Structure formats: C-alpha cells, structure tokens
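# Show me the folded form of this:
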Amino acid sequence: MLLECKNVCKSYGRKEILKDINLSLPSGKIVGLLGKNGSGKTTLIKAINGLLALDKGEILIDGKNVGVESKKIISYLPERNYLNVHKKVKDIIDYFSDFYEDFDKEKAYKLLNNLNIKAEDKLVTMSKGMREKVQLALVMSRRAKLYILDEPMGGVDPATRDYILDTILNNFDDGATIMMSTHLISDIERVLDEVIFIDDGKITRCEDADKLRKETGKSIDEVFREDFKC
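So this is what the prediction gives:
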C-alpha cells in the first residue's frame, strides 16, 4: 500500500481531533477526502505530511515511516498559500528546483506559460486565484508518488476551479495517487476513484466511488449530504 494509517489519534488539549483512524490507499488512485469544515481533514493531512506529532498510532508512506524519506515522495498543496509574494516567479521555481530532486523545471515553466505568467512576474502583482494557480503548478511539477491537495478548490471562482481540476488531472505521474480534501464535492466527483468520508475525527466511509453510486443510486454529493445532514 502507498499510504497506511494505523490507529491514528491526535488531540489538542482535551479535544480529540483524530479518533483511531485506520486507512489504506493503493497507488494509481484519485481519492476524495470528504468532510465538513472541522471534521479532521486538515489535521489528518498534516499528520501524513509529518507536520504534527501523533498521540498514538502509525503512518506509513510507501512502507516508510513519516520523515525525511517519506517527504521526498509526497507533493503537498496546503490549504493556505505559503509562497513569498515579493519573490519573482523564476526565483520561486529555482527554490523548488534546488529543494526537490523530483521537481521538473521545464514542466513548471510550461504550466505557468499557459497562464501567461512570465519568469520576471512577482506574485504580489497577481490576484488570489492566480496565486493559487501558481502554487498548484509548482506542486504538480514534481514527479511524486503521492500528491496531497488540501482544499484546492477553496475560495476561487468556478472558472478557476475548472482550471485547477484540469491541471491536476493532466499533470500527475502515472501510477501516483492523488488525495484531495474538499467540501465542494460536486466539483471533483467525476474524477474520483475512491471516497473517504470523515466526520468528527472518525472515518465513516472508505469506498469505491462507482460502487457507492451504483449501490445507492445517488451521486457522491447526494450520499454525502444524507450522511452529514444536520
């Protein structure tokens, strides 16, 4: 398995955020990590990326414990833009190229050229949506085994969402797995191979997307709304 979570628990003070998470994902899948805001999606993603310590349990990436080696094969798009907006595009690309052995500089320039973004442009001159596209282009320019995208559709207009989804689909390595966290299910439903529902820190569903649609006679979005209705 490419990703394994075994009895993963995480609390902040007395508040349990992740409650005994067990999860196995193979290579070559597009997976939706679906849940309401505050359900534990981002905490789980940060744990997989080694950005916080677990209280209990274990996470394995391609058989490796989370650490330096696992980070070499994960390309991570956080929920918030972290790029230095005062840097030029070419400086950011050089940084990524130096930092990640699997970064494809030529692909990055090609993706940015498609956006009419030039090497000398600074992020500070760009709109929020354009900055989101730049960050996504950088993440998808790595030849990773696991791409983890936290709310890639959040806070951007529908046209930008279409561009983001097309960029994701057309630029990940064959055999790699993509995990996308979102609460905007209708935007990504058509591309999902598997779905994980998470609610109040627990996984409530982990199923093949087509099988779930066939068994329920409903869209993933409709199943989600039923499962999570107030």
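
# could you pull out the helices for the protein?
41-48, 68-71, 89-99, 105-114, 128-140, 158-170, 185-188, 209-216, 220-227 (DSSP state H).

# Let me know which of those helices is the nearest to Asp199.
Among the helices of the chain, the nearest to Asp199 by CB to CB is helix 220-227 (7.5 Å). To be clear about C-beta, it is placed using only N, CA and C from the backbone, and glycine gets the same treatment.

# Show me what that closest one is packed up against.
On a contact count with 3 or more CB pairs under 8 Å, 6 or more residues apart in numbering; DSSP states H and E, helix 220-227 meets strand 30-34, helix 185-188, strand 194-199, helix 209-216.

# Centroid-wise, who is the farthest residue in the protein?
Most distant from the centre of the chain: Glu120, at 28.2 Å, with distances by CA atoms, centre = their mean.

# May I see the buried residues of the helix or strand of the chain with the lowest mean pLDDT?
Every helix and strand in the chain was compared by mean pLDDT, DSSP states H and E; the lowest is helix 158-170, with a mean of 84. For helix 158-170, the neighbour count (16 or more other CB atoms under 10 Å) marks Thr160, Arg161, Tyr163, Ile164, Leu165, Thr167, Ile168 as buried.

# Any idea how far apart the tips of stretch 120-127 sit?
End-to-end distance for stretch 120-127, by CA to CA, to the nearest Å: 16 Å.

# How about stretch 59-77?
First residue to last in stretch 59-77 (CA to CA) measures 19 Å.

# What average pLDDT does that stretch get?
Stretch 59-77 carries an average pLDDT of 94.

# That stretch: which residues count as buried?
Quick answer for stretch 59-77 (16+ other CB under 10 Å): 59-62, 66, 70-77.

# before we move on, back to that, how far does the least confident helix or strand of the chain sit from the chain's center?
Offset of helix 158-170 from its chain centre (CA atoms, centre = their mean, to the nearest Å): 14 Å.

# can you give me the angle it makes with helix 105-114?
Interaxial angle of helix 158-170 relative to helix 105-114 (axes from the mean of the first three to the mean of the last three CA atoms, to 10 degrees): 160 degrees.

# picking that back up, Lys87 is in contact with the residue farthest from the centre of the chain, correct?
No: using CB atoms under 8 Å, Glu120 makes no contact with Lys87, being 11.1 Å away.

# residue contacts, the residue nearest to Ile92 when sequence neighbours are not counted?
With CB to CB, 6 or more residues apart in numbering as the measure, Leu83 is the residue that lies nearest to Ile92, at 6.0 Å, once sequence neighbours are left out. Applying CB atoms under 8 Å, 6 or more residues apart in numbering, one finds that Leu83 lies in contact with Ile92, Leu123, Arg131, Val134, Gln135, Leu138.

# center of the protein, which residue is that?
Centroid-nearest residue in the chain: Leu149, 1.5 Å away (criterion: CA atoms, centre = their mean).

# Report the beta-bridge partner residues of it.
For Leu149, the beta-bridge partners are Leu77, Met180 (DSSP bridges).

# and the helices and strands packed on helix 220-227, which is most packed in?
Greatest average neighbour count among the helices and strands packed on helix 220-227 goes to strand 30-34 (a mean of 24), per mean count of other CB atoms under 10 Å.
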